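Trainee: turn this into a model:
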Amino acid sequence: MGGGKLCVGLPETGTARPMSCLGYTVRADRKFYQAGGEQEGRDRRQYRTCEVRSLDLFRVGDLAEWEGKQLPVCAREVHMQGGHLEFTYVLADRSWTWQRRLGNPKISGMSLLGTVKKCAGETVQLELDIDSGRPGQPCYPWTWVPTTENLMYMMPQAGTRVSLYFKGDEEESALAVNCIRSGEGCKEADLLDVTGDEFNMFTNGSRRLIIRGSGREIKVTKKMHNGLITGVYGKFSVHTHPPGYSIEPGPRDGAFLLDLGQRRSAIWGTGVDKYGQKRNGGFLFGVDDMETDEIRREAERVIMRKLYENN
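Mentor: Residues are numbered from 1 along each chain as shown. Predicted coordinates:
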């Protein structure tokens, strides 16, 4: 029956008939530029409009036979003129109805807390706090952005508390960041606190080799040392310092990188940085202080691009 109707896109009514004309105006619509213009492969002719004044009644979506062409009615206005209704129609190619996707500006810059349910590749599936009380909700795989950029893939464990940061006005722009240490969320750091020993981890594809030391010393056989230096066990991706020690690299850390032929690695744990600030997490380092500062600046730039590009 009656009532309003909602259409997604221009409706196809199946009606085509001639349209009388009281006057018309041809325009080159600015939507051509809003849609990206030539750079997006747009054709100016598709965004040329004819605003036709007529006494005939047409619906949006009807085809008007006008000037030897059949053009869809893309928009309509109606006015009372001298006691009768006069219509102004926009006749144009269907491309004219293009509309830039509208996001939600209120979510841009917002962070939501959630709990990691599962990790796959470089994504994490989160159970968001705002979904509590609605069991059975599917968990979307959000991209994980570690503080150490992409050097060490220390993915958060199931049960870890994580922030979901929306860098733009689209839900798809969200990134999982800021692994919040609590309970069993960071098992490597928990293991470090319990044992008080230093650990080294080497990464070769999906395989991990973790070597436990004794206090601040890590000793291996000569054969294993040669395997580490020649890359048999992969990259020196991260190591820890015992609790209470600085989380900044020591002289032996830089020297070991030189032996390996690596430019950078990372330190994981809780401790005091070179500025005397207590921090926890993963921190990149290089062969010396200058290289360490440069590597960290590079990582910050990469993370900022991921967080803020295409906003």
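Trainee: so what's residue 266 bridging to?
Mentor: Per DSSP bridges, the residues bridged to residue 266 are residue 284.
Trainee: tell me if I'm right that it and residue 235 touch.
Mentor: No. Judged on C-beta atoms under 8 Å, residue 266 makes no contact with residue 235 at a distance of 10.5 Å. The C-beta positions use only the backbone N, C-alpha and C, and glycine is treated the same way.
Trainee: looking at these two now, which is surrounded by more residues?
Mentor: residue 266 (25 against 16; other C-beta atoms under 10 Å).
Trainee: what's the pLDDT at the more buried one?
Mentor: We have a pLDDT of 85 for residue 266.
Trainee: just the strands in the stretch 151-300 of the chain please.
Mentor: Secondary structure of the stretch 151-300 of the chain (DSSP state E, counting those that start in this stretch): strands at 161-166, 174-180, 199-204, 207-212, 235-240, 265-272, 278-285.
Trainee: can you check the stretch 1-150 of the chain too?
Mentor: Counting by DSSP E, counting those that start in this stretch, the stretch 1-150 of the chain has strands at residues 16-18, 23-28, 48-54, 63-66, 69-81, 84-91, 111-120, 123-128, 141-144.
Trainee: what would the strands of the stretch 151-300 of the chain look like in JSON lines with distance to residue 253?
Mentor: Below are the strands of the stretch 151-300 of the chain laid out as JSON lines (distance: least, C-beta to C-beta, whole Å):
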{"stretch": "strand 161-166", "distance to residue 253": "29"}
{"stretch": "strand 174-180", "distance to residue 253": "23"}
{"stretch": "strand 199-204", "distance to residue 253": "10"}
{"stretch": "strand 207-212", "distance to residue 253": "14"}
{"stretch": "strand 235-240", "distance to residue 253": "8"}
{"stretch": "strand 265-272", "distance to residue 253": "8"}
{"stretch": "strand 278-285", "distance to residue 253": "6"}
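Trainee: for residue 143, which of these is the nearest?
Mentor: Set against residue 143 and scored by C-beta to C-beta, the strands of the stretch 151-300 of the chain come closest in strand 174-180, at 5.4 Å.
Trainee: for residue 158, which of the strands of the stretch 1-150 of the chain is the nearest?
Mentor: Closest to residue 158 of the strands of the stretch 1-150 of the chain is strand 111-120 (C-beta to C-beta; 5.5 Å).
Trainee: what does the closest one rub up against?
Mentor: Strand 111-120 has contacts (C-beta atoms under 8 Å, 6 or more residues apart in numbering) with 124-130, 139, 141, 144, 155-166, 185.
Trainee: make it 10 Å
Mentor: 124-132, 139, 141-142, 144, 153, 155-166, 174, 176-180, 182, 185 (C-beta atoms under 10 Å, 6 or more residues apart in numbering).
Trainee: kindly report the same for stretch 284-295.
Mentor: The contact list for stretch 284-295 (C-beta under 10 Å, 6+ apart) reads 147-149, 151-152, 238-239, 247-251, 253-258, 262-267, 274, 283, 296-300.
Trainee: how far does it sit from the chain's center?
Mentor: 28 Å (C-alpha atoms, centre = their mean, to the nearest Å).
Trainee: quick one: contacts for the closest residue to residue 213 other than its chain neighbours?
Mentor: The shortest distance from residue 213 to any non-neighbouring residue, by C-beta to C-beta, 6 or more residues apart in numbering, is to residue 198 (4.2 Å). If you count contacts by C-beta under 10 Å, 6+ apart, residue 198 has them with 192, 211-218, 239-242, 245, 269.
Trainee: from those residues, pick the one nearest residue 7.
Mentor: Proximity of these to residue 7 (C-beta to C-beta) peaks at residue 269, which lies at 58.3 Å.
Trainee: quick check: that closest one touching residue 248?
Mentor: No. Look at residue 269 against residue 248 with C-beta atoms under 10 Å: they stay out of range, at 11.1 Å.
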